[in-house]
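S.K.: need coordinates for the below:
(4 chains)
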There are 2 protein chains.
Amino acid sequence: MDTVPPSLLDLTSFLLARTGRTARARLAARLAERDQRLWHLAVLAALADSGPQVQRELATRLAIDPSDLVKVLDDLTRAGQVERTRSTTDRRRIRVSLTTTGRTALADLLRQARAVQDEVLAPLDAEERAALHRLLLRLHRHPPASGTPTPGTPTPDTTTSDAPTPGHPTPDTPISEPGR
Amino acid sequence: MDTVPPSLLDLTSFLLARTGRTARARLAARLAERDQRLWHLAVLAALADSGPQVQRELATRLAIDPSDLVKVLDDLTRAGQVERTRSTTDRRRIRVSLTTTGRTALADLLRQARAVQDEVLAPLDAEERAALHRLLLRLHRHPPASGTPTPGTPTPDTTTSDAPTPGHPTPDTPISEPGR
DNA sequence: ACCAATGGTGGGTGATGACCCACTGATTTT
DNA sequence: AAAATCAGTGGGTCATCACCCACCATTGGT
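M.R.: Next up, the predicted model:
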């Protein structure tokens, strides 16, 4: 049984898609055990890296719909990992900041992520992993540029962004997009 | 701007997931222009590589639900790219074979796939692409093993030429899984 | 003070993808 | 020839996302 059609294995893009998919799936599954999802990790990471921020900033930075961010933050707040405090200067805004437990949680999630990574990258030795990481990082920074304007996919490409997900126009440079 | 949280960029698995996602999305978008989807490509490729087969074989090989395969084949048949003929020996079975136009279509799709690939891998030179391909291929053969039960797709093999890894036939495993 | 714009929410919507089950022919068993 | 089995279908279900819109609170003009 088996054999993946060789024609497909010749396509780097196919391999990329496939491995990426499994990596993602495994990570998601792992996080699910903690009742967290990819977006939760992304948000916590963003807060840890860039400090407390207003929701709107977070949303644009993560390229997530503000409306969806709300839900993620609801979860995180409920778990006591982030705190929402209204900005004193502009009471419309809400500053989101990491709590101590949030920081701990993040550390744990990152640990999980690395564990999954070790599983996925198991067949590679340290140097190879580093090489892979380097290559992927290069790809990451690069704007795929325009591509196929397919319905649903405007192909935006804004200068910097990296990867628009087809199907949805991605405005500017989003970030992570754990979700789909 | 953007700035993806650095913490995430440190995760190879994150980069993998992300680039893989965009690769997949772009390819899907491209195929969509031809009114085809990833599974269509996978099926055509499987038929081209392994010759005419009974649906059930195809399904297990591609790790697709038999029920879903039917729909894909319906499309391909409608487009005149494959032909379904009942097996003379066992009339329950249906042999699926590629038609000439199917072969042409496949060639076109693969061309599209490579085009997308060129866009995605743009920042890398030939050697780097080769290196990336090699690494991914290694990962591909590797059974993700346990961990998170990601059902679905096992791995392996294609005996094909391009593989860096010298000769090992391959065991077998499911294949592609454009989908899940 | 009034009005337009803005941040944040809540509540949907639509598309996609995997999975499942019941049903029909054909074949094999016994 | 009846029973069990199998290939192929058809018709759902469920879960996941990204996206959108109407709405409240709050501001910034002017």
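S.K.: how about the residues of chain A by DNA strand C?
M.R.: A:54-56, A:59, A:66-67, A:69-71, A:73-74, A:84, A:92-94, A:167 (CB under 7 Å from any atom of the strand). For the C-beta atoms, the positions are set from N, CA and C on the backbone; glycine is no exception.
S.K.: let me see the ranges of the helices in chain A.
M.R.: A:6-9, A:12-33, A:38-50, A:55-62, A:66-78, A:100-120, A:126-141 (DSSP state H).
S.K.: may I see those arranged in a markdown table, with distance to DNA strand D, mean neighbour count and mean pLDDT as well?
M.R.: Formatted as a markdown table, the helices of chain A follow (distance: least, CB to the nearest atom of the strand, whole Å; neighbours: other CB atoms under 10 Å in any protein chain shown; pLDDT from 0 to 100):
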| stretch | distance to DNA strand D | mean neighbour count | mean pLDDT |
| --- | --- | --- | --- |
| helix A:6-9 | 21 | 24 | 90 |
| helix A:12-33 | 6 | 23 | 90 |
| helix A:38-50 | 7 | 23 | 95 |
| helix A:55-62 | 10 | 20 | 94 |
| helix A:66-78 | 3 | 15 | 96 |
| helix A:100-120 | 15 | 17 | 93 |
| helix A:126-141 | 17 | 17 | 93 |
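S.K.: mind checking which of those helices is nearest chain B?
M.R.: For chain B, the closest of the helices of chain A is helix A:12-33, at 1.7 Å, according to CB to the nearest CB.
S.K.: tilt between the closest one and helix A:38-50?
M.R.: 90 degrees (axes from the mean of the first three to the mean of the last three CA atoms, to 10 degrees).
S.K.: which strands or helices does helix A:12-33 pack on?
M.R.: helix A:38-50, helix A:100-120, helix B:12-33, helix B:100-120, helix B:126-141 (3 or more CB pairs under 8 Å, 6 or more residues apart in numbering or on different chains; DSSP states H and E).
S.K.: so what pLDDT did the closest residue to A:A122 other than its chain neighbours get?
M.R.: Leaving aside its sequence neighbours, A:A122 sits nearest to B:H142 (CB to CB, 6 or more residues apart in numbering or on different chains; 6.1 Å). Looking at B:H142, its pLDDT stands at 74.
S.K.: quick check: B:H142 vs B:D75, distance?
M.R.: 33 Å (CB to CB, to the nearest Å).
S.K.: kindly report the same for A:E119.
M.R.: 36 Å.
S.K.: next one: A:A113
M.R.: 38 Å.
S.K.: per-domain residue ranges of chain A.
M.R.: A:6-123, A:127-180 (automatic domain parsing).
S.K.: distance to B:L132 for those domains - can I get that in JSON lines?
M.R.: Output for those, formatted as JSON lines (distance: least, CB to CB, whole Å):
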{"stretch": "domain A:6-123", "distance to B:L132": "6"}
{"stretch": "domain A:127-180", "distance to B:L132": "5"}
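S.K.: closest one to B:L38 among those?
M.R.: The stretch from these with the least distance to B:L38 (CB to CB) is domain A:6-123; that distance is 8.4 Å.
S.K.: okay, how far is it across the closest one, tip to tip?
M.R.: 21 Å (CA to CA, to the nearest Å).
S.K.: chain center to that domain, what's the gap?
M.R.: 6 Å (CA atoms, centre = their mean, to the nearest Å).
S.K.: how about stretch A:124-133?
M.R.: 21 Å.
S.K.: does chain B have contacts with it?
M.R.: Yes: with CB under 8 Å from any CB of the partner chain as the criterion, chain B is reached by stretch A:124-133 at A:124, A:128-129, A:131-133.
S.K.: can I assume A:W39 is in contact with A:L73?
M.R.: No: taking contacts as CB atoms under 8 Å, A:W39 lies outside contact range of A:L73: 9.8 Å.
S.K.: residues in contact with the nearest residue in space to A:T19 that is not next to it in sequence?
M.R.: In this structure, A:T19 finds its nearest non-sequential neighbour in B:L139, 5.0 Å apart by CB to CB, 6+ apart. Applying CB atoms under 8 Å, 6 or more residues apart in numbering or on different chains to B:L139 gives the contacts A:15, A:19, A:120-121, A:123-124.
S.K.: now A:L106. Nearest residue, chain neighbours left out?
M.R.: A:L44 (4.2 Å).
S.K.: the one you found touches A:D75, doesn't it?
M.R.: No: counting by CB under 8 Å, no contact exists between A:L44 and A:D75, whose distance comes to 10.9 Å.
S.K.: can you pull the pLDDT of A:D35?
M.R.: Looking at A:D35, the pLDDT reads 89.
S.K.: list phi and psi for it.
M.R.: Note on A:D35: its backbone torsions stand at phi 60, psi 40 [degrees, to the nearest 10].
S.K.: could you dump the helices and strands packed on helix A:12-33 into TSV with distance to A:A29 added?
M.R.: Output for the helices and strands packed on helix A:12-33, formatted as TSV (distance: least, CB to CB, whole Å):
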stretch	distance to A:A29
helix A:38-50	11
helix A:100-120	8
helix B:12-33	12
helix B:100-120	26
helix B:126-141	18
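S.K.: which of these sits closest to A:R26?
M.R.: helix A:100-120 (4.9 Å).
S.K.: same for that closest one, what does it pack against?
M.R.: helix A:12-33, helix A:38-50, helix B:12-33.
S.K.: and A:I94, what does it touch?
M.R.: Counting by CB under 8 Å, 6+ apart, A:I94 has contacts A:54-55, A:84-87.
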